[in-house]
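J.: could you work out the structure for the sequence below:
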Amino acid sequence: SCQEFKCEICGNHSYWGRRAYERHFKEWRHQHGMRCLGIPNTKNFNEITSIKEATALWERIQAKQGQNKWRPDLEEEYEDKDGNIYNKKTYTDLQRQGLI
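T.: Numbers count the residues shown, from 1 in each chain. You can find the predicted model right below:
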């Protein structure tokens, strides 16, 4: 049985299985949702499915663009056993949810 992943940005659409879920970030439904939020669909937002989280991250990125400070929670990269790269915050969030 496939694991269900919901994406709030996609209007709470369900994706079945990790591969479909990971792929959906580059697909039209997610891109449209991000566009509606006024957020660029860059790799910074990969794995983010919560509107609140995406908006907060976008605000942090915009605030940071003036000050090129190293932000380990956003920029330090972690790799899971499948070779997917995540920032520290996303990695720890996924670990906490038991997804990796």
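
J.: top helix in this protein by residue count?
T.: The single longest helix within the chain, with elements called by DSSP state H, is helix 51-64.

J.: any idea of the mean pLDDT in that helix?
T.: The average pLDDT within helix 51-64 is 92.

J.: now Cys10, nearest residue through space, not along the chain?
T.: Excluding its sequence neighbours, the residue lying closest to Cys10 (C-beta to C-beta, 6 or more residues apart in numbering) is Arg29, at 4.7 Å. Quick note: C-beta positions are derived from backbone N, CA and C, even for glycine.

J.: about what we covered before: got the contact list for the longest helix of the chain?
T.: Glu8, Ile9, Met34, Leu37, Gly38, Ile39, Asn44, Phe45, Ile48, Arg71, Leu74 (C-beta atoms under 8 Å, 6 or more residues apart in numbering).

J.: chain center to that helix, what's the gap?
T.: Centre-to-centre, helix 51-64 and its host chain are 11 Å apart (C-alpha atoms, centre = their mean, to the nearest Å).
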